[in-house]
Each structure stands twice: as C-alpha cells, then as structure tokens.
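Trainee: After the sequence you'll find the predicted model.
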Amino acid sequence: MASTAVEACQWTVTTLARYAPATISVLLQAHDRLRCVAATGAWQVFATVPPKTGIVGRVYASGEAAVVPDVSADPDYLPVRPDVTAEICVPVLDRAGRPIGVLDLQWSTPVDLAPWRDTAARLAVQLGARITALGGVPAESRSEKLLRHAAALSTAGSEWDLMSAAICAARDVSTLSAAVLLLGDRDGARLGAPPRVPGELESRIRAELTAAGPAALGRIVGRAHRYGAGYTVGEADHPPTEDYHPLAAAGVRTLVAVPVGPPDEGGVLLVADERLLRPDPTTVSLMELLAAQAWNGLDRLRTLARLREQASSDPLTGLRHTGPFGQRIAAATPGRTALLAIDVDGFKTVNDTYGHQAGDRLLVDLARALEGALRQGDELYRIGGDEFVAVIEVNRPEEAVRIAERLTEAARRTGRTISVGVALPRFGESAELTLRRADQALYAVKRHGRDGVRLAPA
C-alpha cells in the first residue's frame, strides 16, 4: 500500500513494533551518510550517521547482518539509551544486492535473538524490494543538501575554497546550471574565485562580466542590496534590466540574484541557467540562506587573516616581529644566512627629551630607511623597542658586512645612527646562539663609539 519509500519504511517499523518489544528504526543512504527515515520506541534516535559509524554503519558498509547479544561488548555500539542490552541490525538491499540502508532493532529486556534475526532479515528483503519498486532511495531534499553544503562552507580553509564550495552548493540546491559570486570593492565589484570545474555557461558569464568592468559589476551588486533578492518568472517576452545585459549576452535566460553580506562590503550571488525556467520563492529563500552562510564563512576567514597579520606584525612600523622571526632563524642555513643585530644609537635620549611620539616617528622613519637599503628577499624584523634584526642570505661574510654598512649609511640620511653586529650561523649552532653572537658584536660597536659595523668571529 505504501506509495513512497519513506512510507514503506514507516509501515515496516509500525507493523514490526506490534510484535517486537524493541526500539526499531530504518536508516537509508543519504549522499555520504545514513539518515533515519522511520523509528519507534525511542525517546531519541541518531538522525544521521556518518559512514561506517556504529553497528548500523558497519552493517551498511559490509552488507552483513550483525547479531549483538551484549552491546556493551561491541566497540561500535552507539549508546542512544542507557538500558539497551541487545541489538540486531540487517542490511536493506536493492535488487542488485547493494546496501541502500539498514533495519535496526534494539532490546532492553532479555530476549532470544535467533528468531528475530530471521524475521528482521525477511522484512529487510521485502522492504528493499518495495523501495526499489518505488524508484529507489529518496533523493536528498533541498534543505538536506543545503545542510550538507553548509558544513563544507564552515570548514573551508581559504577564500578560494569557500567560494568554490558556495558555487557548488548554489548549483546543487537550486538545480540551475551556473553560479557566480560578485564581491564589492572600492572600484565597484570583482568576480569571486571560480569553481574548480566551471561549466560552459559559467565560463561565458565570467567572460562577459569581466569585459563589462568593475563599475558594471558594482551596479549589479548595488541593485541586489538596494532592492533585495530577485528572480525571473519564466516569461520570455520581457527583456532583462539594463544592469543584467552582460548576463543576457552570456545566454542567461533564468536568474536568481541574492545579496551577500552588508551593503558596504558584501556582494551578490548570481545563480543562472540558459534554459527558460521558473524558480519558485523557496529556491530564492534557500539561496538567501546559502548566501548568509557563505558570507559568515568569508567574514570568518578575513577576520582570521587580520588577526594573523596583527599577531605577526609590529603595529607601529608594520615590520614582522618576534613570532615570525623565531620561525625564520630556525630555518637559517649555516654559513649562508647572516643575522644583523641593529640598535638605534641614543634612542632613550630622544624619548626622554622629545617624548614617545617623537621616538615613534623616529622608529617608523628608520624602519622605512632600513627596508629601502636591503635587497629584495632580505627580511627586517623589529624585536624590541629600538632593536631590529635583518636576516639575509649571502655567499661570504664580507657580503654581509657590506650590506650592514649600507644600513648604517641609510640611517645617517635620516639624521640618526645605528650600531650593527653581524653573525653567520656555525654548523650545529642554534639560531638563538647565533643571535647572541650578533648582539655581542653589536655591543662591541657601542663600546667603540657607536655608528658602525662589527662581524662576530666565525
């Protein structure tokens, strides 16, 4: 009598529950996991079970039934209720013998499992046949798809990964063939990262939008934020709004456009198809939910990037500081990587005489001058109040000394002087000890009048 697969599962559970004093459930394959579609006798069930998890996952993966007289002795048992003692789980197979789900029974009273195993096995065969006759396991609903994609968005590790996942989700949930993200910026808007495998329509859309330029993209973004989400209604005799001419030129005949993020820094998600379709309001609502999830993920990644930058950069000079410096010197190459310890001469006098603001301006000016005197690839760090370290790659110690002398000349042009100690790592020497030798050479310069360079003994 069941007209759907879910109804067949519900009838199976209800009928079996009349005779078996057990907690009964049917879980069917749903994309990459098992989803409970019918259950009775339990206060709570596992709605979804990841692959190979629990006794049900093991049975589904292996296609072999499990009879467990004592669940406490089975390491795969998932404890839904504390009084369960025994469990029978049998695979539900399609006509080709492939697992499409499981029928699971759990008891909390003493029971002889042997007859119930045969009964469960026969019911599972009948259930599998009926599900197959009704067209197979029900497809994921669009809300279930959105939930699955939302999990992928929340774990994206980069903006590129997140945008690619958002586009994939938009296509899958909407059932339209193409999706594009536009992100606002100062000049209008720009295209977000493409999907890993762009479709033909997506490629045409991206080409037309690129040719239209940032200002035209900005108008599309502005329209979405000004008027809200919009979608076509499947009428071919009305031309698209002027803002959407690049999309029409790409062959778009169906379009859902939803704003992403806040108006001042967000963008728009465009989901399109070259077929003349009629999206419904539910599709638009799902796209709005997806856009909100994508923006939350994007905002999270940008916030993390800012925090990493703040954690690795000196807020006054913009130079990298102690953390990344420690990582860099840990990778120093013996005999090739030179450490230049730099100290500003008389800096305390500047602070005491003219105040800390003047001292800060001096440090900023000096940092820019020292950066300008270094070669491309050389690195400058601020590791203390008026203490800097340059890390450079050289072929000979004399080369490191010449670069240090260039730094002293650059400092003089700002009206200040610096003392520089130079050291090259010895084989087997820790980076900390190399820096200590560079500091000792620096203080030797201080003792001999400052404003100079000294090479630490090899």
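Mentor: Looks like it arrived, so ask away. Numbers count the residues shown, from 1 in each chain.

Trainee: hey, where'd the strands end up in the stretch 101-250 of the chain?
Mentor: 178-185, 188-191, 230-231 (DSSP state E, counting those that start in this stretch).

Trainee: what does the average pLDDT come to for the shortest one?
Mentor: What it means is strand 230-231. For strand 230-231, mean pLDDT rounds to 92.

Trainee: list the contacts for residue 346?
Mentor: 416, 417, 450 (CB atoms under 8 Å, 6 or more residues apart in numbering). For every residue, glycine as well, the C-beta is placed using N, CA and C.

Trainee: Of these, which is the most crowded?
Mentor: Highest neighbour count within these: residue 416, with 19 neighbours (other CB atoms under 10 Å).

Trainee: Quick check: it is in a strand.
Mentor: No: assigned with DSSP: H, G, I helix; E, B strand; the rest coil, residue 416 falls outside any strand and is coil.

Trainee: Quick check: it touching residue 362?
Mentor: Yes: counting by CB atoms under 8 Å, residue 362 is a contact partner of residue 416 at 6.5 Å.

Trainee: Any chance you could list residues touching both of those two?
Mentor: Listed as contacting both residue 416 and residue 362 by CB under 8 Å, 6+ apart are residue 344.

Trainee: which secondary structure elements does the helix or strand where residue 402 lies contact?
Mentor: For residue 402, the element it lies in under DSSP states H and E is helix 397-413. Using 3 or more CB pairs under 8 Å, 6 or more residues apart in numbering; DSSP states H and E, the elements in contact with helix 397-413 are strand 337-344, helix 356-373, strand 387-393, strand 418-423, strand 452-455.

Trainee: okay, the ones you listed in a markdown table with mean pLDDT next?
Mentor: Formatted as a markdown table, the helices and strands packed on helix 397-413 follow (pLDDT from 0 to 100):
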| stretch | mean pLDDT |
| --- | --- |
| strand 337-344 | 91 |
| helix 356-373 | 90 |
| strand 387-393 | 90 |
| strand 418-423 | 94 |
| strand 452-455 | 94 |
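
Trainee: I'd like those laid out as a markdown table, including mean neighbour count and distance to residue 181.
Mentor: Formatted as a markdown table, these follow (neighbours: other CB atoms under 10 Å; distance: least, CB to CB, whole Å):
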| stretch | mean neighbour count | distance to residue 181 |
| --- | --- | --- |
| strand 337-344 | 24 | 43 |
| helix 356-373 | 17 | 36 |
| strand 387-393 | 21 | 39 |
| strand 418-423 | 27 | 49 |
| strand 452-455 | 20 | 53 |
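
Trainee: Can you show me the helices along the stretch 51-200 of the chain?
Mentor: Ranges of helices within the stretch 51-200 of the chain are 54-62, 113-133, 142-154, 159-174, 200-212, based on DSSP state H, counting those that start in this stretch.

Trainee: which parts of the longest one are buried?
Mentor: When neighbours are counted by 16 or more other CB atoms under 10 Å, the buried residues of helix 113-133 are found to be 113, 116, 117, 120, 123, 124, 127, 128, 130, 131, 132.

Trainee: Now flag whichever of those residues is closest to residue 289.
Mentor: residue 131 (30.1 Å; CB to CB).

Trainee: rewinding a little: what's the closest of the helices of the stretch 51-200 of the chain to residue 107?
Mentor: Here helix 113-133 is closest among those (CB to CB), at 8.1 Å.

Trainee: Show me what the closest one is packed up against.
Mentor: Partner elements for helix 113-133 (3+ CB pairs under 8 Å, 6+ apart): helix 5-17, strand 86-93, strand 99-107.

Trainee: Any idea which of these gets closest to residue 287?
Mentor: helix 5-17 (26.1 Å).

Trainee: Dump the helices and strands packed on helix 397-413 into JSON lines; add distance to residue 202 as well.
Mentor: Conversion of these to JSON lines gives the following (distance: least, CB to CB, whole Å):
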{"stretch": "strand 337-344", "distance to residue 202": "47"}
{"stretch": "helix 356-373", "distance to residue 202": "42"}
{"stretch": "strand 387-393", "distance to residue 202": "44"}
{"stretch": "strand 418-423", "distance to residue 202": "55"}
{"stretch": "strand 452-455", "distance to residue 202": "58"}
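
Trainee: ok, and the closest non-adjacent residue to residue 93?
Mentor: residue 128 (4.7 Å; CB to CB, 6 or more residues apart in numbering).

Trainee: so the one you found touches residue 103, yeah?
Mentor: No: Residue 128 is beyond contact range of residue 103, at 9.3 Å (criterion: CB under 8 Å).

Trainee: Need the overlap of contacts for the two.
Mentor: With CB under 8 Å, 6+ apart, residue 128 and residue 103 have common neighbours residue 92.

Trainee: Give me the residue ranges of the stretch 51-200 of the chain where confidence is low.
Mentor: Applying pLDDT under 70 to the stretch 51-200 of the chain picks out no residues at all.

Trainee: rerun that using 90 as the cut-off
Mentor: 51-52, 78-83, 138-145, 147-148, 150-161, 184-199 (pLDDT under 90).

Trainee: domains for the chain, by residue range?
Mentor: 5-133, 142-308, 322-455 (automatic domain parsing).

Trainee: Kindly provide the distance from residue 443 to residue 102.
Mentor: Going from residue 443 to residue 102 by CB to CB, to the nearest Å gives 74 Å.

Trainee: quick one, which of those two is more surrounded?
Mentor: residue 102 (28 against 14).

Trainee: who touches the more buried one in this structure?
Mentor: Counting by CB under 8 Å, 6+ apart, the residues that residue 102 touches are 26, 27, 34, 56, 59, 60, 89, 90, 91, 92, 124.
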